[in-house]
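Visitor: this is the structure alone, sequence omitted:
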């Protein structure tokens with residue numbers, strides 16, 4: 001997505017939740033977060049890929065606007081040396097929705113969606129399953145994009161020596177490979193499952 005498409009996605013999501021004039025300063029803050037120097041993968045490229053895929057999968061979402069805002073916020077706070085990025089990002093998302101006058105239940109759902117991107121438990125709702133599948137869609141990307149993704153992750157963890165990084169990275173990828181199925185939304189499984197397994201096995205070879 002280019003800048004105009006990202007902005008359009010932002011405005012449409014808020015307007016769908018009843019916010020006629022979304023906070024442009026908040027958008028600028030999120031854009032700045034995703035352009036931080038220490039990021040290589042968790043950038044606007046990832047946000048744009050996720051939002052574009054949500055548009056393609058929109059018919060499978062119950063509340064697409066909430067998923068869109070969860071995607072905007074899910075990596076808003078990203079520090080590889082911390083383990084509470086999702087918690088902090090989710091709290092920011094919930095407060096931003098409440099500050100904008102969005103209903104409490106919607107704010108709580110967006111908070112839960114962001115927390116689902118921790119990938120530490122099976123997502124419990126249709127929208128959470130779709131959001132998690134979208135977040136993991138990179139695993140089923142074309143081989144050249146998957147290779148770029150792996151390079152980007154390595155850049156983000158450049159401070160970790162290879163003898164530590166490689167075993168940990170294999171552990172993470174093996175956990176995804178062990179999921180059966182990897183993608184929980186039928187349409188996402190059909191389009192990405194086989195490619196993701198090829199990519200993961202090739203990376204492990």
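Guide: Yep, it's here. On a predicted model such as this, the values are computed, not experimentally measured, just so you know. Numbers count the residues shown, from 1 in each chain.
Visitor: between the two ends of stretch 80-89, what distance do you get?
Guide: 14 Å (Cα to Cα, to the nearest Å).
Visitor: what mean pLDDT does that stretch have?
Guide: Averaged across stretch 80-89, pLDDT comes to 96.
Visitor: what sits up against that stretch?
Guide: Applying Cβ atoms under 8 Å, 6 or more residues apart in numbering, the external contacts of stretch 80-89 come out as 38, 73-79, 114-115, 117-118, 156-157, 159. The way it works is simple: take the backbone N, C-alpha and C, and place the C-beta from them, glycine included.
Visitor: apply 10 Å and report the result again.
Guide: Identification of contacts with stretch 80-89 by Cβ atoms under 10 Å, 6 or more residues apart in numbering yields 33, 38-39, 42, 70, 72-79, 90-91, 111, 114-120, 153, 156-160.
Visitor: and for stretch 102-111?
Guide: Contacts for stretch 102-111 (Cβ under 10 Å, 6+ apart): 13-14, 17-19, 62-63, 65-70, 72-74, 87, 89-100, 125, 127-128.
Visitor: among these, the buried ones, what's the ChimeraX command?
Guide: Here is the ChimeraX command that selects the buried residues among these (16 or more other Cβ atoms under 10 Å):
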select :13,14,17,19,63,65,66,67,68,69,70,72,73,74,89,90,91,92,93,94,96,97,100,127,128
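Visitor: just the ones of the contacts of stretch 102-111 in strands?
Guide: Among these, no member is found in strands (DSSP state E).
Visitor: buried subset of the contacts of stretch 80-89?
Guide: 33, 39, 42, 70, 72-78, 90-91, 111, 114-117, 153, 156.
Visitor: so which of those residues belong to helices?
Guide: 33, 70, 72-73, 90-91, 111, 114-116, 153, 156 (DSSP state H).
Visitor: which among these gets closest to residue 185?
Guide: For those, the residue nearest residue 185 by Cβ to Cβ is residue 116; the value is 12.8 Å.
Visitor: give me the distance between that closest one and residue 191.
Guide: 20 Å (Cβ to Cβ, to the nearest Å).
Visitor: ok, now residue 72?
Guide: 23 Å.
Visitor: and this structure, what are its domains?
Guide: 1-120, 136-205 (automatic domain parsing).
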